[in-house]
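Undergrad: Sharing a model prediction with you, sequence too.
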Amino acid sequence: MLRNFRQVFKGSKTPMTVVMGVVLLGLVAYLAPSGADREAPDNVLARVYGRDVLRREVEQKVADTVRRLGKQVNLETMGAYLQSQALESLVGQKLAEELAERHGIVVTDAEVAAALEARLRMYPIFLQNGSLRSTSEINGILKESGTSLNIWEKEVRLEQAVTKLKAQAAASIPVDEAWVERENRTRNEKISFESVTLAPDASAVADPGDARLQALLTSSGARFQVGPRRVIQYISVQPGDFGNSLQPDEASIKAAYESRQAQYLELKASHILFLAKSDAEYLEATQKAEALREKLLTGQDFNKAALEQSQDPSAKSNRGELGWFKLATMDKGFSEGARALKEGEISRPVRSSFGIHLIKLEGRKTKTLDEVKAELSAQLLQDRFIARAKDRLEQVRKAAGAKGDLSAPARNQSLKVQLSNPLLDEPGTKVEGLGEADPILAEVFGLKVGQVSKVLPLGNRFVLFRVQEERPVAVPPLKEIRDRVLAAFRMEESRRLTLESAKTKLQGGDLKALGTTATQQAVNLASLNELAQHSGIRRALLDTAVGQTTPILWTPDGKLWVAKITARIPANPLNFESRHALVAELQGRESIKLLQTELQALDTQGRQKPGFSSLWGRFRGIWVNQEALSRTRSAQTEAE
């Protein structure tokens with residue numbers, strides 16, 4: 001094509017420049033999401049190696065999940081999560097399509113048609129007199145479930161491609177005789193054995209002192225290498241820094257009690273519930289409640305009526321009685337309705353998110369000021385501390401600016417500035433004098449060196465800090481990671497001592513000398529679960545002769561294990577059919593692992609160069625339209 005352009009415009013640079021400019025503008029127009037695209041229902045939310053994931057596909061998948069889970073789904077809290085899961089699922093499908101193409105997998109229309117027909121015939125609703133209904137009838141039925149024949153066809157095509165992928169991968173996996181025999185023995189050979197499991201006690205190993213720990217650190221320093229560490233310049237404020245000035249007086253406590261009396265009110269009530277969801281159901285439930293209320297007012301027993309008519313599942317056991325409850329623990333509509341009643345009064349129909357209630361108030365009590373005084377005093381003290389601490393640290397923050405040193409502003413507030421020990425971005429990291437730094441680590445490693453943080457809570461105090469420096473990946477000096485080196489020393493030493501003791505005790509051949517034995521009678525390895533997943537233990541149980549003791553091994557959870565084989569019932573030999581089936585199963589199992597590895601590699605490779613500006617991300621990798629996703633989430637939130 002470019003050769004033809006050159007021939008036509010040979011010797012004329014200006015027309016060629018214009019044409020190439022038009023071509024480039026066309027590319028930009030195609031790559032950039034247009035205003036119309038932003039409003040279109042099918043705009044692209046992701047592109048996976050050139051394959052589009054459309055908004056309607058994501059919405060369809062979310063709707064399917066909501067339909068399947070029903071009442072368990074709260075879109076207000078789970079909407080973003082469901083959308084994210086739907087998108088990842090569809091990205092996975094596109095990756096499978098890409099992998100199938102790379103492996104030369106071809107699924108014909110005839111194969112799809114046959115598989116789709118087989119799938120439809122599994123459901124009697126699609127059949128009429130033994131034959132499939134018409135396409136329009138089938139689509140009408142599927143539409144009621146929020147899907148379509150076209151969607152089913154795409155699913156079947158992908159299923160066929162994946163099936164062929166698995167078959168292709170399975171055929172490439174060689175299975176030799178030794179593998180088949182060992183697998184047959186693992187599944188069918190019966191083994192009886194006694195075993196002992198010993199857990200090393202690291203806590204029993206004494207601290208050997210800095211010299212021994214430094215020797216361990218020097219000899220195997222690489223194992224103690226850590227990622228980037230950050231040092232922060234910090235100020236902390238705690239309640240004790242304000243002396244007695246935070247203590248509330250009697251008048252403050254009394255005022256707080258009067259303003260919060262609703263928190264201390266408890267009601268005792270019974271109710272009758274008529275379930276409702278739609279407006280029509282609420283109207284019908286209200287009419288039922290009104291009719292029943294008339295009977296209750298003329299003397300019908302409330303709790304008997306609850307037993308017979310309430311649609312609250314618990315009514316069968318509690319006859320509608322709710323006991324004592326605080327207003328905040330109930331649905332807002334229910335609480336307001338109950339609070340307005342006098343003792344013994346039966347409410348008019350009260351609407352809640354569950355339906356329509358009739359409520360009978362049976363009691364009302366309020367905690368006195370004396371009962372809650374200590375609680376209120378502590379809460380007021382905490383509230384005052386939070387306000388004063390934040391204000392004081394915010395003044396330092398404003399004076400220091402976004403990247404200023406904290407020392408001078410802190411002195412002006414009579415606050416002490418300290419430098420932390422080097423901090424790691426991992427759980428359990430501690431700041432000397434402050435304790436665990438987990439609540440502030442995201443901010444410590446999210447800021448750039450020199451930046452000042454927000455005022456943050458940390459335990460019973462508030463902190464403000466500046467990222468002072470970042471230290472590179474390295475093996476820290478012993479004083480910084482002594483606890484880690486000591487833990488490693490204790491574990492190694494406890495394992496060594498446990499192993500030496502076991503070897504000494506086993507010299508006499510008596511397994512019981514090690515400790516309490518566990519007995520397994522005529523079991524196959526496949527039934528031993530985690531124990532048999534350890535390749536060394538599995539091999540030891542298969543290869544150790546009857547009457548002999550296995551080698552001493554370590555279990556996956558770090559315990560010493562040894563066994564004595566007491567009996568063995570060999571597996572029956574495989575015939576041609578069973579051998580062929582076992583080979584196919586092994587190949588199928590390994591093919592899934594192989595394909596999962598390839599898919600993961602495709603996913604990792606595709607995400608290495610994401611982003612709108614990257615042609616790779618648009619055509620040869622994985623690109624996610626974060627802007628469109630945000631708009632979708634905002635629209636969902638507004639709709640809710």
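TA: It's in.

Undergrad: CA only for contacts and neighbour counts going forward, please
TA: OK.

Undergrad: show me the contacts for residue 544.
TA: Applying CA atoms under 8 Å, 6 or more residues apart in numbering, we find residue 544 in contact with 550, 565.

Undergrad: Could you give the backbone dihedrals for it?
TA: phi -80, psi 130 (degrees, to the nearest 10).

Undergrad: pLDDT score assigned to it?
TA: Listed pLDDT for residue 544 reads 95.

Undergrad: and what of the one 4 residues further on?
TA: pLDDT, residue 548: 93.

Undergrad: So it is in contact with residue 562, correct?
TA: No: using CA atoms under 8 Å, residue 548 is not in contact with residue 562; the gap is 10.9 Å.

Undergrad: These two: which is more packed in?
TA: residue 562 (24 against 13; other CA atoms under 10 Å).

Undergrad: what about the more buried one, helix or strand, and which?
TA: strand 560-569 (DSSP states H and E).

Undergrad: how about that strand: buried residues?
TA: The neighbour-count check on strand 560-569 (16 or more other CA atoms under 10 Å) flags 560-566, 568 as buried.

Undergrad: tell me what that strand is packed against?
TA: On a contact count with 3 or more CA pairs under 8 Å, 6 or more residues apart in numbering; DSSP states H and E, strand 560-569 meets strand 190-198, strand 518-523, strand 553-554.

Undergrad: again, 6 Å this time
TA: Judged by 3 or more CA pairs under 6 Å, 6 or more residues apart in numbering; DSSP states H and E, the packing partners of strand 560-569 are strand 190-198, strand 553-554.

Undergrad: Throw those into JSON lines and include mean pLDDT and mean neighbour count, thanks.
TA: Formatted as JSON lines, the helices and strands packed on strand 560-569 follow (pLDDT from 0 to 100; neighbours: other CA atoms under 10 Å):
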{"stretch": "strand 190-198", "mean pLDDT": "95", "mean neighbour count": "19"}
{"stretch": "strand 553-554", "mean pLDDT": "94", "mean neighbour count": "18"}
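
Undergrad: Redo the ones you listed as CSV? Include distance to residue 536.
TA: Formatted as CSV, the helices and strands packed on strand 560-569 follow (distance: least, CA to CA, whole Å):
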stretch, distance to residue 536
strand 190-198, 15
strand 553-554, 7
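
Undergrad: So which of the ones you listed is nearest residue 586?
TA: With CA to CA, the closest approach to residue 586 among those belongs to strand 190-198: 20.9 Å.

Undergrad: List the pairing partners of the closest one within its sheet, with orientation.
TA: Strand pairing for strand 190-198, using DSSP bridges, gives strand 518-523 (antiparallel), strand 560-569 (antiparallel).

Undergrad: SS state for the residue positioned nearest the centre of the chain?
TA: Most central in the chain under CA atoms, centre = their mean is residue 81, positioned 9.6 Å from the mean C-alpha point. Following DSSP: H, G, I helix; E, B strand; the rest coil, residue 81 is assigned to helix.

Undergrad: Next, work out how far apart it and residue 67 are.
TA: 16 Å (CA to CA, to the nearest Å).

Undergrad: before we move on, the earlier item: next one: the strand holding residue 562 to chain centre, how far?
TA: Mean C-alpha position of strand 560-569 versus that of the full chain (CA atoms, centre = their mean, to the nearest Å) differs by 40 Å.
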